[in-house]
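In: Sequence plus the predicted model coming up.
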Number of protein chains: 2
Amino acid sequence: MKEYVIGIDIGGTFTKSGFVDRDGNCYAESVSPTDTFDNVEDYLENLVKELKNAEKQIEEPYKIVGVGIGAPNGNYHNGTIENATNLKWRGVIPLAELVNKHYNLPVKLTNDANAAALGEMVYGGAEGMKDFIMITLGTGLGSGIVVNGDLVYGHDGFAGELGHVNVVENGRKCGCGNLGCLETYVSAPGIKRTVFELLASDSNGSDLVNYSFSELDSEMIYNAAVKNDPVALKAFDITGKILGKKLADSVAHTSPEAVFLFGGLSKSGDYIFKPTKKYMEESVMGTFKNKVKILPSQLTDKNAAVMGASALIWKELDK
Amino acid sequence: MKEYVIGIDIGGTFTKSGFVDRDGNCYAESVSPTDTFDNVEDYLENLVKELKNAEKQIEEPYKIVGVGIGAPNGNYHNGTIENATNLKWRGVIPLAELVNKHYNLPVKLTNDANAAALGEMVYGGAEGMKDFIMITLGTGLGSGIVVNGDLVYGHDGFAGELGHVNVVENGRKCGCGNLGCLETYVSAPGIKRTVFELLASDSNGSDLVNYSFSELDSEMIYNAAVKNDPVALKAFDITGKILGKKLADSVAHTSPEAVFLFGGLSKSGDYIFKPTKKYMEESVMGTFKNKVKILPSQLTDKNAAVMGASALIWKELDK
């Protein structure tokens, strides 16, 4: 009988889900609201209703073997969501326990970047790799660190927050409350902030002068770079430099075989990969030079988070 | 029958060894030269002769169950010493294989800081901890990272080189060839360099004006701090600040339960621990605040490296 894992990706606004098989094929996908529910029980009741509906699309005989969840501030050890600022539910939410009331199956949860790392390992470009780092570049910078074939969760279950290592003392204000975190420089909003700094310094010859801060997005910066816009090109170089130099530090920690870049900014290809690789190699200790690959994620954007969440269970069943 | 592991700590000048039991008691210690042998086979022949001699001191019935080795640039995966700059033997030395010719037993090897981390886990203050970081402060800054109960070796076997993360762009020259590495600021020579910078800036009221660069050592700086020497106190604060801020980055990587400080500089007690803790807490992401302990190593200096090396085998036998 065919086996599926229910993969659930909880975002601030929407929750995406699907039934994922062992090979990473995602069936009966659905989307339901997150932020319309003030309490998590009502949210789950609605989500489960959606899932049961979606499940009807599966025709052949099947069995559901577990539920994997990617959620903001998801704690793998406790199966909880803890103090997630972009969710309405305050404090510590025992999500796995609540899901268990609906599905009497293994339920595992972690944050979305960790889930993406597992997805890369189970279905993507990291198949067979024992040591790698996943960097997700979106509105923030998320990361999942894999050591010796397992995700690093750390003592408190929240390891792998590379978006919040410090880059510039008293630098840009970060959503986490600190100043100068990596994600304030390396992310979609990060590169935009860099463009605005560069325009302030020398706007000569740049078409990016025509956009307001709220208009400009990283795709426009990419399109400008393709047309050789000097500010866009410099912004990519600076972004790659900051990322590359920080990855050199990460390499000194866990000596990965590869670093995968995933998400919006990573679609900029050479504009981001080349400087990242160049400055990482310049900064990294001799021992690690020319050993670490910087690779694009092989996960499809479409349902990477759902697939990653499901990988939590497949990985568990492999143990 | 009592079981022993032969623990061997290979330093640039001397090699220390001993027979270590399951509880971390070290018997029949010996010291033999390292740098008088131009080739590694002669070195090993002499070392084994010393070990066989020392072994005679053990009286009760016993059995040797393995050989654990801490060595510069020791590669755990391959059992090799690779391009160690402070040893005479060039290139890649298949040390475990060579030792196997003398002892047909499990032989494991890693670098000295990793061995110290294992020692802390098997015999020291990290007993029962699954996630911690060991920082050894001596002429350099070494580190061993433990994740989920296992040492992080990484893809190439050399993970955990926190001494060589970058602190200051184009900063102090490091022995590794790069500029601005952590160990050029946080180590016995590092704090001395900081003292000299401070003296250059404002030597007023400091007794440290009376020492040459070659005379001054970290113990003198400690003794001056005890007497409230302003430069010594400031040097400790700066050293702790740089270490604390960098540890905040390490915490974001692996979320350890504790960070242990070992070696010379860690003997300075509050002078180094207080600023390290304070600045780590100031810098670290909110998620990790007030979670991570900074603790003194519980390993005795005397034979910590030999004990750590032996722990490589005890850890292996536990699997």
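Out: Perfect, thanks for sending it.

In: buried stuff in stretch A:126-144?
Out: Residues A:126, A:129-144 are the ones in stretch A:126-144 that count as buried (16 or more other CB atoms under 10 Å in any protein chain shown). In this view, the C-beta of every residue, glycine as well, is placed from N, C-alpha and C.

In: ok, now stretch A:28-48?
Out: Within stretch A:28-48, the residues that qualify as buried by neighbour count (16+ other CB under 10 Å) are A:28-30, A:32, A:34, A:37, A:40, A:43-44, A:46-48.

In: Could you work out the most separated pair of those residues?
Out: Set against one another by CB to CB, those have their most distant pair in A:A28 and A:V40, with a gap of 23.3 Å.

In: Show me where chain A has its strands.
Out: Chain-ordered strands for chain A, with DSSP state E as the definition, fall at A:2-10, A:14-20, A:26-33, A:62-70, A:74-75, A:80-82, A:92-93, A:107-110, A:132-137, A:141-147, A:150-151, A:258-262, A:293-296.

In: Compute the inter-axis angle for the longest helix belonging to chain A and strand A:141-147.
Out: Once chain A is assigned using DSSP state H, the helix that runs over the most residues is helix A:230-254. Regarding helix A:230-254 and strand A:141-147, their directions subtend 30 degrees when assessed with axes from the mean of the first three to the mean of the last three CA atoms, to 10 degrees.

In: Establish whether helix A:230-254 and chain B are in contact.
Out: Yes: between helix A:230-254 and chain B, judged by CB under 8 Å from any CB of the partner chain, the touching residues are A:245, A:248-250, A:252-254.

In: Any chance of CSV for the residues you listed, columns pLDDT?
Out: Shown next, in CSV, are the residues of helix A:230-254 next to chain B (pLDDT from 0 to 100):
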residue, pLDDT
A:K245, 97
A:A248, 98
A:D249, 97
A:S250, 98
A:A252, 97
A:H253, 98
A:T254, 98
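
In: Same list (these) but as JSON lines, adding neighbour count.
Out: Supplementary listing: the residues of helix A:230-254 next to chain B in JSON lines, determined by neighbours: other CB atoms under 10 Å in any protein chain shown:
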{"residue": "A:K245", "neighbour count": "20"}
{"residue": "A:A248", "neighbour count": "23"}
{"residue": "A:D249", "neighbour count": "25"}
{"residue": "A:S250", "neighbour count": "25"}
{"residue": "A:A252", "neighbour count": "28"}
{"residue": "A:H253", "neighbour count": "27"}
{"residue": "A:T254", "neighbour count": "24"}
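
In: Closest one to B:G263 out of those, please.
Out: Of all those, B:G263 sits closest to A:A252, with 19.0 Å by CB to CB.

In: got the contact list for the closest one?
Out: For A:A252, the set of contacting residues under the criterion of CB atoms under 8 Å, 6 or more residues apart in numbering or on different chains consists of A:284-285, A:288, B:160-162, B:164-165.

In: Kindly report the same for A:V209.
Out: With contacts taken as CB under 8 Å, 6+ apart, A:V209 has the following neighbours: A:199, A:203.

In: ok, now A:S187?
Out: Applying CB under 8 Å, 6+ apart, one finds that A:S187 lies in contact with A:137-141, A:163, A:265.

In: Looking at the strands of chain A, which is nearest to A:Y211?
Out: strand A:132-137 (20.3 Å).

In: partners of that closest one, with directions?
Out: Its sheet considered, strand A:132-137 pairs with strand A:141-147 (antiparallel), strand A:258-262 (parallel) by DSSP bridges.

In: and the spatially closest residue to A:A159 that is not a sequence neighbour, how many residues sit next to it?
Out: By the measure of CB to CB, 6 or more residues apart in numbering or on different chains, the closest residue to A:A159 outside its immediate chain neighbours is B:S255, 3.7 Å from it. A count of neighbours around B:S255, defined by other CB atoms under 10 Å in any protein chain shown, yields 24.

In: Name all residues that make contact with B:S255.
Out: By CB under 8 Å, 6+ apart, the contact set of B:S255 is A:152-161, B:131, B:288, B:291-292.

In: can you do 7 Å?
Out: By CB atoms under 7 Å, 6 or more residues apart in numbering or on different chains, the contact list for B:S255 reads A:154-156, A:158-159, B:131, B:288.

In: cool, A:P256 as well?
Out: By CB under 7 Å, 6+ apart, the contact list for A:P256 reads A:131-133, A:292, B:154-155.

In: Now the residues you listed in a markdown table, please, with extra columns for pLDDT.
Out: What follows is the contacts of A:P256, written out as a markdown table (pLDDT from 0 to 100):
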| residue | pLDDT |
| --- | --- |
| A:D131 | 98 |
| A:F132 | 98 |
| A:I133 | 98 |
| A:V292 | 98 |
| B:G154 | 97 |
| B:H155 | 97 |
